[in-house]
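Novice: sharing a sequence plus its predicted fold:
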Amino acid sequence: MAITIELPREIEQQLQSQWTDLARHALEGLVTEAFRQGKLSSHEVALALGMGSRREAMAFLSERGAYPGYDLEELEEDRRTIERTMKPKAS
């Protein structure tokens, strides 16, 4: 599907000077926002952007601050879980 976006010429030129592939940047913005709103999964993000894996999409979304529900508190909880599960069991 092709989507056309109408911009005033000056704005198009300004953005084009900052982002050489304006169409790709627009696609990435659309897909990122759709993910934030729960319209797309990380797997669908990977497909839409031609990425090889969901992990790649997760990294992409994380770079844009869009990977959901993973804050410092959850990271600490995961760290504790890993420590607990990796401890040798007493015999």
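Specialist: Nice, I can see it. Residues are numbered from 1 along each chain as shown.

Novice: show me how far the worst-scoring helix or strand of the chain on mean pLDDT is from its chain's centre.
Specialist: Scoring the helices and strands of the chain by mean pLDDT, DSSP states H and E places helix 72-86 at the bottom, with a mean of 79. Centroid separation between helix 72-86 and its chain, computed with Cα atoms, centre = their mean, to the nearest Å, is 23 Å.

Novice: now swap in stretch 27-39 and tell me
Specialist: 8 Å.

Novice: which residues touch it?
Specialist: 3, 40-42, 45, 48-49, 60-61, 64, 66, 68 (Cβ atoms under 8 Å, 6 or more residues apart in numbering). All C-beta spots, glycine's among them, are computed from the backbone N, C-alpha and C.

Novice: please tell me how far the residue positioned nearest the centre of the chain sits from Arg54.
Specialist: Central residue of the chain (Cα atoms, centre = their mean): Leu61, 1.5 Å from the mean position. Separation of Leu61 from Arg54 (Cβ to Cβ, to the nearest Å): 10 Å.

Novice: brilliant, that's me finished.
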